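Q: need a 3D model of the sequence below.
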Amino acid sequence: VGRAARTRPDGSLRSALDAHGVRGDLRRVLDAFLAGVVLDDSGETSDHFALLLTRAFLDGTPSLPRAGMQALPDQLARGLGERLHLGRAAVALRSDDAGATVETEDGPVEARVVVVATSGVAAASLLGDSVLPPPATRGVVTHWWALPGDRVDPGPGLLHVDARSRPTGPLVNTAVVSAAAPSYAPRGQHLVQASALIGDGREVPDEATLRRHAAELLGAGASGWETVARHEVHDALPAQPAPLAHRRQQVLGPSLVVCGDHRDTASLQGALVSGHRAAGAVRRLVGAPAHGRR
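A: Model (predicted):
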C-alpha cells in the first residue's frame, strides 16, 4: 500500500478504483466504508490518502479509549496543573520576533511561542485568511441512542454500511458501539451510533430518518430508541482532494506555530503527527534540546 502511494501519480479515489477494475459488491462496500472515513462520497478524495488510511487500518486495530475520548485530554491535563486555563476564548493573536500575545476575554496572555491547535476554520478565523486560508471541509451528523439489551443483537462489534445498489437511507455507517466498548453504554443497555454526511447542499437528516435506516441495517425494530446525544459537525474534516498535500507548513513566524489535521492528513493520526511536529518546532524556536535529550 505504501509503495503504491509513493510510486504512482495521485488522482481521485474514484479513478483509481475504476482503473483497477473494482466493481460490483466489493466496489459498493469500499465506496460506502471509505465515504464514512473521509466524509466524502463524491470519489474525489485523493487516492494516495485512501491508501495511507488503508495501510493504517491494516497495520493496527481501530480502537476506542475505555473511558471515552475525553480520557485523552484528561491525561494531558493532569501534568499541567494550575497552568491550564479552560473556557477562555482567544479573540485575537499578535506575534513577532519578540514573542506573541493572545488577547482573551479575560485579558492578554504573553508567551515566547504560541501554538494554535484548533480546526483549520478556527485557526483561519483567529489568524486571518491572509495568514492562513481556511480549508475546504467535510461535515457529518452523528446520532447516538440507548436501547434495551433485548432490542438489538450487538453482534461482534462491526461497522455496518449500506452497500446495496439502492441504499434506503442517508447513513454512511452505523454500529452497536457498546459491542466493542461496553463501558460506553448505560447499564443494561446498548449504545448505537449512526452517521450521515452533511454539507454540499444536502438536507440534514432528522432523528427519525437516521433511526429508521440504522434499525434496518442492524436488523432491529425502530421503536424504543432513546436519544443520548446528537452531533452536527459541519467542519469535521478538511477535504483531501488529489494531489495529496500533507505535512503543510506549521511554523508561520518566529513565535507562531499552527497544528491540526489541516496541517497533515485529515485523520486522528494526522492530527497527532501534526502535534508531534509542532512540539519539535517549538523546541527549536526556544532553543531547547531535541526531544529525548537533556
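Q: so which bits of the longest helix seen in the chain are buried?
A: Secondary structure of the chain per DSSP state H: the longest helix is helix 268-285. Across helix 268-285, burial judged by 16 or more other Cβ atoms under 10 Å covers 270-271, 273-275, 277-278, 281-282, 285. Glycine gets a C-beta too; all of them are placed from N, C-alpha and C.
Q: how about stretch 134-154?
A: So, applying 16+ other Cβ under 10 Å, buried residues of stretch 134-154: 134-135, 137-147, 151-152, 154.
Q: tell me how far the ends of that stretch are from each other?
A: 40 Å (Cα to Cα, to the nearest Å).
Q: what is the mean pLDDT for it?
A: For stretch 134-154, mean pLDDT is 94.
Q: what does stretch 9-27 give?
A: Mean predicted confidence for stretch 9-27 is 95.
Q: one step back: looking at the buried residues of stretch 134-154, which are in strands?
A: Under the assignment DSSP state E, these contribute 137-147 to strands.
Q: which secondary element of the protein has the worst mean pLDDT?
A: Across the helices and strands of the chain, mean confidence by mean pLDDT, DSSP states H and E is lowest for helix 2-7: a mean of 63.
Q: show me the strands in the stretch 151-294 of the chain, by range?
A: Remark: strands assigned in the stretch 151-294 of the chain by DSSP state E, counting those that start in this stretch are 171-176, 189-198, 226-238, 251-253, 256-259.
Q: which one of those strands lies nearest to Gly81?
A: Proximity of the strands of the stretch 151-294 of the chain to Gly81 was assessed by Cβ to Cβ; the nearest stretch is strand 256-259, lying at 22.6 Å.
Q: so, low pLDDT: which residues of this structure?
A: 1-6, 291-294 (pLDDT under 70).
Q: quick check: domain ranges of this protein?
A: Structural domains annotated on the chain: 2-59, 86-136+245-285, 137-238, as defined by automatic domain parsing.
Q: for the longest one, measure first residue to last.
A: Using Cα to Cα, one end of domain 137-238 lies 4 Å from the other.
Q: what about it, distance to the chain center?
A: In terms of Cα atoms, centre = their mean, to the nearest Å, the centre of domain 137-238 is set 17 Å apart from its chain centre.
Q: got it, and stretch 101-110?
A: 29 Å.
Q: next one: stretch 281-294
A: Counting by Cα atoms, centre = their mean, stretch 281-294 comes out at 29 Å from the chain centroid.
Q: same check on stretch 113-129?
A: Centroid separation between stretch 113-129 and its chain, computed with Cα atoms, centre = their mean, is 17 Å.
Q: restricting to C-alpha, output that stretch in CSV.
A: What follows is stretch 113-129, C-alpha atoms only, in CSV (Å, rounded to 0.1, in the frame of the first residue of the first chain):
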residue,chain,number,x,y,z
VAL,A,113,5.8,31.0,21.3
VAL,A,114,2.1,30.3,20.8
VAL,A,115,0.7,27.1,19.3
VAL,A,116,-2.7,27.4,17.6
ALA,A,117,-4.1,23.9,18.0
THR,A,118,-7.6,24.2,16.5
SER,A,119,-9.5,23.2,13.4
GLY,A,120,-8.4,24.9,10.2
VAL,A,121,-11.5,27.0,10.1
ALA,A,122,-11.0,28.3,13.7
ALA,A,123,-7.3,28.9,13.1
ALA,A,124,-8.1,30.9,9.9
SER,A,125,-10.7,32.9,11.9
LEU,A,126,-8.2,33.8,14.6
LEU,A,127,-5.1,34.5,12.4
GLY,A,128,-6.9,35.9,9.3
ASP,A,129,-7.3,34.5,5.9
